[in-house]
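Asker: got a predicted model here, sequence first, then my questions.
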Amino acid sequence: MPSPAPAEPNPSAGGAGNPSGDGAGPRRLLRLIDALCASPAPAPLARLAAEAGLSKPTAHRLLRVLTEEGWAVAHDGGSYGIGPSVRAMGAAIAGAGGGDSIERVIVELQKEVRQTVHVGVRSGDRIIYTHKAEGDQPFAMASRVGMYQPLHSTAIGKCILSGLDAEALDAVLRRAGLQSRTEATITDRGALDKELSRVREEGFALDEEENEANVRCLGVPVRTAGSQVVGAVSISTVTFVVTREELLALRGALRECAARLEPLFGH
């Protein structure tokens, strides 16, 4: 029989071992984040609660907050792993010295291609933009860091979906659906499967005004050392300024950028 989770600190008790007042809630969150980061793979709720010294209801409530804010990701079967905000922070810290950082890498790409560059990762059944370098064009993109977008209608999302196995893909699409964003959005499962097959084969994804009218995006997966797709980097263009052929010509530069980003995301 598994051991019960340690008792939580009593808010009415004093002393260093029993933090109280305004500090109790933040300490619980920090202990839960520590437990998430210490696990090499997504962990079940009960284990995270035990390691953080929390009851399961409290851990579940806090994990819901962390998931909504991008610090945790919910996986099938009730397990949780570190979220995009943790990965982005880790990458920023790793690149704080003289080496590469995500920001530095995408700014260099933006200067080369002069278009808007995004980095995004999966957060639950959506993507979240973790980094953005605005293009030189007079038409600013409506996107922002921290914005959530669908998986099926974005180039970054298609890259992420292409890295899922059949069971995981089925589960995500069953929950998220294939909502129409524009007249060009792929809303048929068979058509999406065909599109994802092409992404796997050719190594890049296109969003042909599927998420936003007049915006076309090119995405390339970012992988971990174990070849798992952890996110993607994309170039976004305005269709009446940059042609499809001109955007596709930037695939080489985008792939080089993705290769530089991969070691920054760790495992």
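Answerer: Received it, and whenever you're ready, just let me know what you need.
Asker: ranges for the strands of the stretch 51-200 of the chain?
Answerer: Using DSSP state E, counting those that start in this stretch, the strands assigned to the stretch 51-200 of the chain run over residues 72-75, 79-82, 116-123, 126-133, 148-150.
Asker: just put those in CSV and tack on mean neighbour count, mean pLDDT and distance to residue 45.
Answerer: (C-beta placed from N, C-alpha, C; glycine too.) As requested, the strands of the stretch 51-200 of the chain are arranged in CSV below (neighbours: other C-beta atoms under 10 Å; pLDDT from 0 to 100; distance: least, C-beta to C-beta, whole Å):
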stretch, mean neighbour count, mean pLDDT, distance to residue 45
strand 72-75, 22, 82, 10
strand 79-82, 19, 86, 7
strand 116-123, 26, 91, 18
strand 126-133, 22, 90, 21
strand 148-150, 17, 93, 23
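Asker: doesn't residue 206 belong to a strand?
Answerer: Yes: per DSSP: H, G, I helix; E, B strand; the rest coil, residue 206 lies within a strand segment.
Asker: now do the same contact list for residue 51.
Answerer: Remark: with contacts taken as C-beta atoms under 8 Å, 6 or more residues apart in numbering, residue 51 is in contact with 34, 35, 38.
Asker: cutoff 10 Å now
Answerer: Shown in contact with residue 51 (C-beta atoms under 10 Å, 6 or more residues apart in numbering): 5, 6, 31, 32, 34, 35, 36, 38, 39, 43, 59.
Asker: I'd like the distance between it and residue 31.
Answerer: Noted for residue 51: a distance of 8 Å to residue 31, by C-beta to C-beta, to the nearest Å.
Asker: now the common contact residues for those two.
Answerer: Common contact partners of residue 51 and residue 31 (C-beta under 10 Å, 6+ apart): residue 59.
Asker: next, the contact list for residue 67, please.
Answerer: By C-beta under 10 Å, 6+ apart, the residues touching residue 67 are 73, 74, 80, 83, 123, 124.
Asker: and the furthest pair within those residues?
Answerer: Farthest pair in the contacts of residue 67 (C-beta to C-beta) is 80 and 123. Separation: 12.2 Å.
Asker: where do the contact lists of those two overlap?
Answerer: 67, 72, 73, 74.
Asker: pretty sure the last one is touching residue 63, no?
Answerer: Okay, so that is residue 74. Yes: with contact defined as C-beta atoms under 10 Å, residue 74 counts as touching residue 63 (7.5 Å).
Asker: helix or strand for residue 218, which one?
Answerer: strand 215-223 (DSSP states H and E).
Asker: quick one: list the elements packing against that strand.
Answerer: Other elements packing on strand 215-223 under the criterion 3 or more C-beta pairs under 10 Å, 6 or more residues apart in numbering; DSSP states H and E are strand 116-123, helix 155-162, helix 189-202, strand 205-208, strand 229-238, helix 244-248, helix 251-261.
Asker: could I get those as TSV with distance to residue 26?
Answerer: Shown next, in TSV, are the helices and strands packed on strand 215-223 (distance: least, C-beta to C-beta, whole Å):
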stretch	distance to residue 26
strand 116-123	22
helix 155-162	31
helix 189-202	41
strand 205-208	39
strand 229-238	28
helix 244-248	45
helix 251-261	31
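Asker: looking at those, spot the one closest to residue 172.
Answerer: Closest to residue 172 of the helices and strands packed on strand 215-223, according to C-beta to C-beta: helix 155-162, at 7.1 Å.
Asker: how far off strand 116-123 does the closest one point, in degrees?
Answerer: Orientation check (axes from the mean of the first three to the mean of the last three C-alpha atoms, to 10 degrees): helix 155-162 against strand 116-123 gives 40 degrees.
Asker: what do residue 74 and residue 63 both touch?
Answerer: What both residue 74 and residue 63 touch, as defined by C-beta under 10 Å, 6+ apart, is the set 45, 80.
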